[in-house]
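A.B. asks: Got a sequence here, can you model it:
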Amino acid sequence: MTRTRVAVAGILALAVLVGIGAIGWGLGRASAPEPPIVVAAGPAPSAAATIDTLPNALSSPTSTPSLSPSTAPLPVLLTAAPGLTNTPTTASGFRVTRAGIDPIALASQLALAFGITDDPRSSSSQVVVGDNPDVTVNLTPLLTWEFADTRAAASAPPGKLPTRQQAIDVSSTLLGKLGVDIASVDWQVDRVDQGVRVTGWQLVVGQRSSLSWTVTIGRSGSVVSATGFAAGLQEVPGYTVVGAAFAVQRSGIAPWTALPPVAVVAAPAPATSPTAAPDGRLQVPTQQVVVTEAVLGLAQYAQPDGSLLILPSYRLNGADGSAWSILAITGTDVSFGPDPTPSAP
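C.D. replies: Okay, here's the model as predicted:
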């Protein structure tokens with residue numbers, strides 16, 4: 001299988017670091033539509049298992065919030081402690097693929113699941129079936145979709161909210177009909193204005209990714225809205241991984257500074273008092289971290305075109321108690337260059 005190069009241009013990194021010794025399977029859609037693009041899923045975690053979810057790591061250049069000097073994060077300078085592991089290896093990653101999925105057939109299948117019998121209407125950006133209720137499939141790399149029934153939501157009579165398990169049962173039955181591999185989903189249930197919203201998070205090697213499906217169930221017990229994606233995650237084997245000490249060293253050298261370390265765990269605030277700067281000397285505040293341990297895992301990288309790569313990355317533990325994520329693959333699979341997406345006028 002040809003590896004997909006990660007383009008570093010307006011990249012959004014989402015840290016989801018996990019040990020990758022158990023990699024060897026794909027995730028996502030088990031079927032529907034054919035042909036399946038995912039290999040057999042791994043075992044689902046037990047109900048009592050703890051699912052780690054790491055936050056979004058970087059903001060895209062177009063959406064970075066303004067920060068005052070007192071709240072702006074400090075640049076990070078990583079240094080490898082003596083003896084930090086530095087053994088190259090190979091590891092698998094994952095990529096999102098919509099190969100073999102016909103968007104019109106997908107829209108028809110979704111519509112049927114929601115009881116809509118109209119014919120699909122196609123445009124250059126989406127496929128729509130129905131008119132309130134309706135299903136929309138967006139022609140993006142993820143093939144995102146939405147279902148909405150605003151009339152049902154507005155006219156639903158007051159009633160008792162479904163229990164957590166009832167909401168999960170409704171959602172898992174619905175998503176299972178759509179080809180979602182329920183064994184690779186972690187459930188979250190929240191109360192919302194319309195009723196109960198169930199979020200099914202796509203698990204990757206036992207941890208939540210940023211990919212999810214949502215189902216909102218009204219007080220009448222009917223589904224009033226839902227969202228999701230139809231693309232699958234496909235394993236990409238054979239990435240060449242550099243040693244951890246080398247990865248730490250190159251993180252401070254251009255062009256790798258375009259992929260700065262991503263904070264996973266913040267260090268405790270220092271207890272020292274600020275000192276006066278010597279006259280005439282430029283003061284550049286930085287967070288200097290000595291890396292004492294590295295564990296190979298995975299991190300998510302959303303590409304400028306909206307596609308997603310999940311790539312071998314190191315989780316680095318610092319002597320100050322902080323933890324960081326940095327990309328672990330070689331430059332052969334990274335493309336540094338201008339943003340390939342057009343700028344807004």
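A.B. asks: going forward, measure contacts and count neighbours with C-alpha atoms only.
C.D. replies: Will do.
A.B. asks: quick one: the helices in this protein?
C.D. replies: Under the criterion DSSP state H, the chain contains helices at 103-113, 150-155, 164-177, 244-250.
A.B. asks: which stretch in these has the least confidence?
C.D. replies: The minimum mean pLDDT among the helices of the chain belongs to helix 150-155 (a mean of 73).
A.B. asks: doesn't residue 265 make contact with residue 320?
C.D. replies: No: between residue 320 and residue 265 there is no contact under C-alpha atoms under 8 Å: 10.5 Å.
A.B. asks: Quick one: neighbours of residue 139, just the number.
C.D. replies: By other C-alpha atoms under 10 Å, the residues close to residue 139 number 16.
A.B. asks: where does it land on pLDDT?
C.D. replies: In this model, residue 139 carries a pLDDT of 96.
A.B. asks: Spatially central, which residue of this protein would that be?
C.D. replies: residue 210 (2.9 Å; C-alpha atoms, centre = their mean).
A.B. asks: how's the chain carved up into domains?
C.D. replies: Domain assignment for the chain by automatic domain parsing gives 8-44+52-61+73-96+235-267+286-334, 98-231.
A.B. asks: quick one: residue 7 from residue 307, how far?
C.D. replies: 11 Å (C-alpha to C-alpha, to the nearest Å).
A.B. asks: These two: which is more packed in?
C.D. replies: The neighbour comparison of residue 7 against residue 307 (other C-alpha under 10 Å) goes to residue 7, with 20 against 17.
A.B. asks: Tell me, how many residues neighbour the nearest residue to the more buried one once chain neighbours are set aside?
C.D. replies: Spatial nearest neighbour of residue 7, excluding adjacent residues (C-alpha to C-alpha, 6 or more residues apart in numbering): residue 335 at 4.7 Å. Neighbourhood size, residue 335 [other C-alpha under 10 Å]: 12.
A.B. asks: Can I get the helices of the chain in JSON lines including distance to residue 134 and mean neighbour count?
C.D. replies: Below are the helices of the chain laid out as JSON lines (distance: least, C-alpha to C-alpha, whole Å; neighbours: other C-alpha atoms under 10 Å):
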{"stretch": "helix 103-113", "distance to residue 134": "7", "mean neighbour count": "20"}
{"stretch": "helix 150-155", "distance to residue 134": "9", "mean neighbour count": "14"}
{"stretch": "helix 164-177", "distance to residue 134": "16", "mean neighbour count": "17"}
{"stretch": "helix 244-250", "distance to residue 134": "49", "mean neighbour count": "20"}
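A.B. asks: I'm done for today, thanks for sticking with me.
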